[in-house]
Every structure is written in C-alpha cells, then in structure tokens.
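Peer 1: from the sequence below, what's the structure:
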Amino acid sequence: MRFSNRLAVVLVFAIGTSFVAGNLVTTAIRTTIPRRLDAIVVARTSGREKHPGFDDACLLTLDDGRTIQVEPELFHAVAIGDRLHKERWDEELKINDRTLSLHSSADEQGMLRTMPLALVVMLAQFVWAVRK
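Peer 2: As a prediction, this is how the structure comes out:
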C-alpha cells in the first residue's frame, strides 16, 4: 500500500476513534456527574426530536451564561429559579434544599455497549485496509 493510502486509512481510523470518544463524553456529560455546578436555573427548554418524549433535548440555561443539555429526569426535577450545586464527579445534586441522586442514563449505558463494538469494527476495517 502506498504511503498516501496508508495515511488516508490512518486518518479515517483516527477520525472514527474521535467520534467514538466524543459520543461517550457527550452522553456522560448529560448526566451532569462530571460537571461542577453552582448556578441558578434561568430558563428551561425542551426540543422535540424524532421520537417526542423519548429523545427530547432538555436544556437548562444557567445564570453563569451556560446552557447545558441534561437528562430528562434532571430536567423535570428543576424549575426556573432553582439553585443547583454539586462538585465535579459527585453523584448527588443539590437543588435548593433537596438532593437528587444522579446515575448513568440508559443512553449512556447504550453508548458504553455500542461504541466499543464500533471501535472493534473500525479496527478490523483498518487492519484489512492496511494489509490490502
């Protein structure tokens, strides 16, 4: 295989790997477990997707200027004016004077199962392409 072809195969594999990593990080961040929060909710927005009620995009706008996407369970637990507080990697979120336990979502669990499989398929294609 010529150098330029090998380079193209390596680049495609690297891009695919970054997409896998991006999917895993994005779904983890939506649980808010990796995030540090100390803000007040100033707006709530729910965007309908292909399957309303199942894959809606739940967005919270915070007084620090951020708009974050969260899991529906958290979205429905907060109201405008609620203060959110948690440290990075804590699995409990303080909402005013009550506590919400955070956990891995079904979406995140699905990604944790399918993304390694996608990586294995890409690796197999990479090996096949390099040997050809």
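Peer 1: Arg36 contacts Leu84, correct?
Peer 2: No: Arg36 is not in contact with Leu84 according to CB atoms under 8 Å; the separation is 10.3 Å. In short, each C-beta sits where N, CA and C put it, glycine included.
Peer 1: more crowded one of those two?
Peer 2: Leu84 (24 against 12; other CB atoms under 10 Å).
Peer 1: neighbours of the closest residue to that one other than its chain neighbours, how many?
Peer 2: The shortest distance from Leu84 to any non-neighbouring residue, by CB to CB, 6 or more residues apart in numbering, is to Leu37 (4.6 Å). By other CB under 10 Å, 21 other residues sit near Leu37.
Peer 1: and Trp89, by the same measure?
Peer 2: The burial count for Trp89: 9, using other CB under 10 Å.
Peer 1: I figured it hits Leu37, correct?
Peer 2: No: taking CB under 8 Å as the definition, Trp89 is not a contact partner of Leu37, at 11.8 Å.
Peer 1: and the worst-scoring helix or strand of the chain on mean pLDDT, what does it pack against?
Peer 2: When the helices and strands of the chain are scored by mean pLDDT, DSSP states H and E, helix 106-131 comes last with a mean of 82. Helices and strands touching helix 106-131, by 3 or more CB pairs under 8 Å, 6 or more residues apart in numbering; DSSP states H and E, are helix 3-30.
Peer 1: any low-confidence regions in this protein?
Peer 2: The model of the chain has pLDDT under 70 over residues 1, 3, 49-55.
Peer 1: give me the longest strand you can find in it.
Peer 2: Ranked by residue count and defined by DSSP state E, the top strand of the chain is strand 37-47.
Peer 1: now for the following helix or strand past it, which elements pack on it?
Peer 2: Next helix or strand after strand 37-47 toward the C-terminus (DSSP states H and E): strand 57-62. Helices and strands touching strand 57-62, by 3+ CB pairs under 8 Å, 6+ apart, are strand 37-47, strand 67-70, helix 72-77.
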